[in-house]
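*Asks:* Okay, structure incoming, though there's no sequence with it:
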């Protein structure tokens with residue numbers, strides 16, 4: 001089976017990311033790269049996570065440029081996608097948005113108080129979809145297709 005690698009548009013990337021149950025935040029901790037697995041939601045093109053206000057993650061990423069990655073791969077069909085977003089992280093400051101996200105946003109996974117809603121506003125969004133020839137989220141003529149390695 002010939003496989004193809006399709007570049008995804010920003011809109012396709014954000015649509016796929018919204019379907020993932022978890023993602024990874026990549027940031028700098030003590031001058032070294034660090035990765036944290038998080039649950040999240042996509043809201044108006046932003047990636048939103050919930051964390052402790054006084055936690056290490058909130059302190060490390062607030063005001064920083066971070067990367068976020070989510071993916072999905074099905075080994076039985078050898079199809080999947082990977083999306084990376086890079087942007088500034090900060091806290092949700094609008095009270096109405098914060099209240100809405102506390103109700104409909106990412107659910108808390110771990111015990112303890114996690115009232116802080118962090119938002120990553122992507123400046124760069126990049127994604128690829130690996131699939132059997134002719135299938136995938138990019139329709140005919142959409143995206144640039146190259147033969148997979």
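*Replies:* Received the coordinates, thanks. Keep in mind that what you see is a predicted model, and the values were worked out from it rather than measured. Residues are numbered from 1 along each chain as shown.
*Asks:* Specify the beta-bridge partners of residue 28.
*Replies:* Following DSSP bridges, residue 28 is listed with bridge partners residue 33.
*Asks:* what does residue 51 give?
*Replies:* Here residue 51, judged by DSSP bridges, has bridge partners residue 116.
*Asks:* so where is this protein shaky, pLDDT-wise?
*Replies:* Counting by pLDDT under 70, the ranges of the chain that qualify are 1-3, 109-114, 133-149.
*Asks:* Contact partners for residue 42?
*Replies:* 14, 17, 18, 48 (Cβ atoms under 8 Å, 6 or more residues apart in numbering). Any C-beta I mention is one placed from the backbone N, CA and C, and that applies to glycine too.
*Asks:* Confirm that it sits in a strand.
*Replies:* Yes - the assignment for residue 42 by DSSP: H, G, I helix; E, B strand; the rest coil puts it in a strand.
*Asks:* hmm, back to that, so which of the contacts of residue 42 belong to helices?
*Replies:* Counting by DSSP state H, the part of the contacts of residue 42 found in helices is 14, 17.
*Asks:* Great, nothing more from me.
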